[in-house]
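Enquirer: can you look at this prediction? I've put the sequence above it.
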Amino acid sequence: MLAINITKSRLNRLWKIPKTLFLKKPSIYVNYNSKYFQNSILNFSSKTMETTKNRLAQERSPYLLQHAENPVQWYPWGDEAFEKARSEKKLIFLSVGYSTCHWCHVMEHESFENPDVAAIMNEHYVNIKVDREERPDVDQLYMTFVQAASGQGGWPMSVFLTPDLNPIGGGTYYPPEDAYGRPGFKSILLHMAKRWKTDSTSMLENGSNVLKILIDTTAFDIKLGSELSQIMKPNPKTWIACFSQMKKIYDEEWGGFGMAPKFPQPSILDFLFHVSYKMSKSWEGKESLEMALTSLQKMSMGGIHDHIGQGFARYSTDEKWHVPHFEKMLYDQAQLAVSYTIAFLITKDQQYSDIVHDILQYVSRDLSHKQGGFYSAEDADSLPTPESSKKREGAFCTWTQDEVKTLLNKPLESKSDIKLFELFCWHFSILPNGNVRPDSDPHGELLDQNVLIEFRSKENTAKKYGLSVENVKKELEIAKSILFEARLKRPRPHLDNKIITSWNGLMISAYAKAASALNVDKYKQRAVMAAEFLKMHSWDSSTNTLLRSCYVNENGDITNIEKPIAGFLNDYAFLIRGLLDLYESTLQSKWLEWADILQEQQDKLFWDEEKFGYYSSSDQDSSIILRFKSDHDGAEPSGNSISALNLLKLSILTGKHEYQTKINNLFLAFTGRLSDSSSALPILVSALTLHCDSITSVYITGDLEDPEMEALLSVVRQRYMPDLLLAYAEKKSMSELAQGLATTENGKVAAYVCKNNTCNLPVYNPDELIALLDGKAPIA
């Protein structure tokens, strides 16, 4: 019997044929070179699989492309699929996920690569795949249904639709077979198909009823905008209720909010920082600061922080921030970088600036396109070794104790009688049988593995080994560098190189704010580079509209799909925020001018003229049967919350009264939400607080290249004042106020501090400006 190894063939990888192929009569092939069999198998695999590629092969989304070779006849979301469902009178099976989703991979392997399951799907359904990051409108619509119907949500999301796109059933991950008294995916598919065949009329009626219920439950229960201002007023003390709710769910031991799984929730942290500023001399201020700083400290010490490769994972499966779900999302890096920047501005403690550098180093190295855009995410799963055939969650990031001992088997530079691995293993709690609790690893993927976590402080480690804290830091950095180089030899997780406009906007904010606070010019240049990238690839200057995303082709060049996806509210709001932060960092008016153009377009596309507030999507896509207004600051902030902050700044920087009117109406629209559930909207609560307290503006005038200019700018940039807006007064400024301040005596560099359209006399040196901003001198 002759054995032929086919480990690397697609036949083995996708069809699960054993790695070794045995020929029962090898004598027939005795004169053939063994490579003949390898090539034949590889060619057979390639040619065969080419015939099974579905319509997703023409897409650009990494998630859709992952499913392009499934035997399921997938369609992208669009008219072709809808028309097929209507003409053939079939149900639609809608599957929504994203490329770095662990359970999406599991369901693909178990069901969508299974020929038997695929046959059922292809016979009875029109099957549609959606990347939730490309189409957040589709995701939000049907996730609302799934959560209402089942009480839970998540990805992959699996929904059954009538041909007119109304949902009639759904859930999340389904196992392929029946088990433990619960139906599997095959049974559910057959059951729904049978019902449709025998009773489609009632199913269509159910779909219409479901849509009516969704409309009723998601509508803002307020009167028309023209009547609104007479009956409702936003409460300026809403922050008190929000703070009280945060305090109740705060984890005093480990930081963070709520029970496991625990998410970083930077929107809450930023709100608490605002409270600490507003109430700095009260117990609320002190307690809110303690809550935010403790949370950031515990996260940076935890396993959710990648101590070797930098950056943060999406969430922790336990309350101690120890065992993460290992995927890394761009929006988390962006928001956390801002939170750690604020922490540094308040405390001037290097531990926080170190983490800012850590995050931005990771993003610059691993999530950046050469032209300036930022990629979306890195996967949780990867191959443990190049020879492995099955991916494992966390394989790229975890370590056995033996691996660490082998790599770090050298004496400390500062104390030769101690091995580097001893200090490292003690500091990061590395154990012989792994340090992951079974309840944090229900599927046994992390057996014998260690997730690095600093349960012990560097001071404790220094005391144990008789070292200085500085030497401990130095030795740990040496060890991390060695492990980083070793980790580079491992197979990397999948990279989702989609470039999403909204997340890039958040990242521009992060780099711009870090550049100002830490005085790092390369961060400013990186933010500028990203903004220029989006202007080139994600903006149509002829219509002043944004695209949702652009893509990277096989050659590393930027491309897009045949019918590009139009931008959503978050794409406009988050980019406008990034541009405003970039304007404050560079004082270049072109970024403010572009932000103003985008805000005007956002208002045209998404504003509700009757009941106020912004819809998450425009009304230009007839396939979206229901539009929503985002009212939750979750993993990503609400577009309405960020828009409130943007409008506050733009109304001052441009002098446009319509922005002030819009911000008033936006708060009116959300008065009910802010009253009933303010903790769901901490960023909007912050915006409301700023609106009620009024923003202080500092206008700088004079030559930007003058050495004295930097001294004044540093006063503003290196302090935390959430109610402070920095602007450059010049003759071409957009607001009349700034134009009027543009000329000073003898052209000197000067600063004006203004509030409510009234300004102090100019000050010319840092001490005078400090006195005004610190309240030692009255602001106009």
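Expert: Looks like it arrived, so ask away.

Enquirer: next structured bit after the strand or helix carrying Glu708?
Expert: Glu708 belongs to helix 707-717 when assigned by DSSP states H and E. Once the chain leaves helix 707-717, the next helix or strand it forms, by DSSP H and E, is strand 724-728.

Enquirer: quick one: the helix holding Glu708 to strand 724-728, angle?
Expert: For helix 707-717 against strand 724-728, the angle by axes from the mean of the first three to the mean of the last three Cα atoms, to 10 degrees is 160 degrees.

Enquirer: how about helix 707-717: buried residues?
Expert: Across helix 707-717, burial judged by 16 or more other Cβ atoms under 10 Å covers Met709, Leu712, Leu713, Val715, Val716, Arg717. (Each C-beta comes from the backbone N, C-alpha and C, glycine too.)

Enquirer: I'd say the last one and Ala514 touch.
Expert: Meaning Arg717. No: using Cβ atoms under 8 Å, Arg717 is not in contact with Ala514; the gap is 10.9 Å.

Enquirer: break down the stretch 351-500 of the chain into its strands, ranges please.
Expert: Here the stretch 351-500 of the chain has its strands, by DSSP state E, counting those that start in this stretch, at 377-378, 381-382, 392-393, 495-496, 499-500.

Enquirer: wait, which of these is closest to Thr317?
Expert: Nearest to Thr317, of all those, is strand 392-393, at 10.4 Å by Cβ to Cβ.

Enquirer: from the chain's centroid, how far away is the closest one?
Expert: 21 Å (Cα atoms, centre = their mean, to the nearest Å).

Enquirer: try stretch 281-289
Expert: 29 Å.

Enquirer: can you pull the buried residues of stretch 516-533?
Expert: 516-518, 520, 523-524, 526-531, 533.

Enquirer: tabulate those (CSV), appending pLDDT, distance to Tyr340 and secondary structure.
Expert: Formatted as CSV, the buried residues of stretch 516-533 follow (pLDDT from 0 to 100; distance: Cβ to Cβ, whole Å; DSSP: H, G, I helix; E, B strand; the rest coil):
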residue, pLDDT, distance to Tyr340, secondary structure
Ser516, 98, 14, helix
Ala517, 98, 10, helix
Leu518, 98, 10, helix
Val520, 98, 14, coil
Tyr523, 99, 13, helix
Lys524, 99, 18, helix
Arg526, 99, 17, helix
Ala527, 99, 16, helix
Val528, 99, 22, helix
Met529, 99, 22, helix
Ala530, 99, 19, helix
Ala531, 99, 22, helix
Phe533, 99, 24, helix
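
Enquirer: just name the closest of these to Thr144, please.
Expert: Nearest member of the buried residues of stretch 516-533 to Thr144, counting by Cβ to Cβ, is Ala530, at 32.1 Å.

Enquirer: quick revisit: now do the helix holding Glu708: everything it contacts.
Expert: With Cβ atoms under 8 Å, 6 or more residues apart in numbering as the test, helix 707-717 has contacts from 516-517, 519, 698, 700, 702-703, 724, 726, 748-751, 764-766, 769-770, 773.

Enquirer: next step: those restricted to helices.
Expert: Cross-referencing the contacts of helix 707-717 against helices under DSSP state H gives Ser516, Ala517, Pro766, Leu769, Ile770, Leu773.

Enquirer: of the residues you listed, closest to Asn235?
Expert: Out of the ones in helices among the contacts of helix 707-717, the member with the shortest distance to Asn235 (by Cβ to Cβ) is Leu773, at 28.1 Å.

Enquirer: what residues does that closest one make contact with?
Expert: Thr696, Val698, Val715, Val716, Arg719, Met721, Leu724, Val753.

Enquirer: now swap in Glu736 and tell me
Expert: Here Glu736 is in contact with Gly655 (Cβ under 8 Å, 6+ apart).

Enquirer: can you check the one 5 residues further on too?
Expert: Shown in contact with Leu741 (Cβ under 8 Å, 6+ apart): Tyr699, Thr701, Ala729, Tyr752, Cys759, Pro762.

Enquirer: also Leu690?
Expert: Counting by Cβ under 8 Å, 6+ apart, Leu690 makes contact with Leu645, Leu648, Pro722, Asp723.

Enquirer: helix/strand/coil for it?
Expert: Counting by DSSP: H, G, I helix; E, B strand; the rest coil, the backbone at Leu690 sits in helix.

Enquirer: if I look at it, how far off is Lys649?
Expert: Taking Cβ to Cβ, to the nearest Å as the measure, Leu690 falls 9 Å from Lys649.

Enquirer: follow-up on the earlier one: of all the strands of the stretch 351-500 of the chain, which one comes closest to Leu141?
Expert: Nearest to Leu141, of the strands of the stretch 351-500 of the chain and by Cβ to Cβ, is strand 499-500 at 18.8 Å.

Enquirer: what is that closest one packed up against?
Expert: Packing partners of strand 499-500 (3 or more Cβ pairs under 8 Å, 6 or more residues apart in numbering; DSSP states H and E): strand 549-552.

Enquirer: quick one: residues in contact with the strand it packs on.
Expert: With Cβ under 8 Å, 6+ apart as the test, strand 549-552 has contacts from 60-61, 133-134, 369, 373, 375, 497-501, 537-538, 558-561, 564-565.

Enquirer: show me what contacts the closest residue to Met507 other than its chain neighbours?
Expert: Leaving aside its chain neighbours, Met507 sits nearest to Ala334 (4.4 Å; criterion: Cβ to Cβ, 6 or more residues apart in numbering). By Cβ under 8 Å, 6+ apart, Ala334 lies in contact with Trp503, Leu506, Met507, Ser509, Ala510.

Enquirer: restricted to helices, list these.
Expert: Reading helices off those with DSSP H, I get Trp503, Leu506, Met507, Ser509, Ala510.
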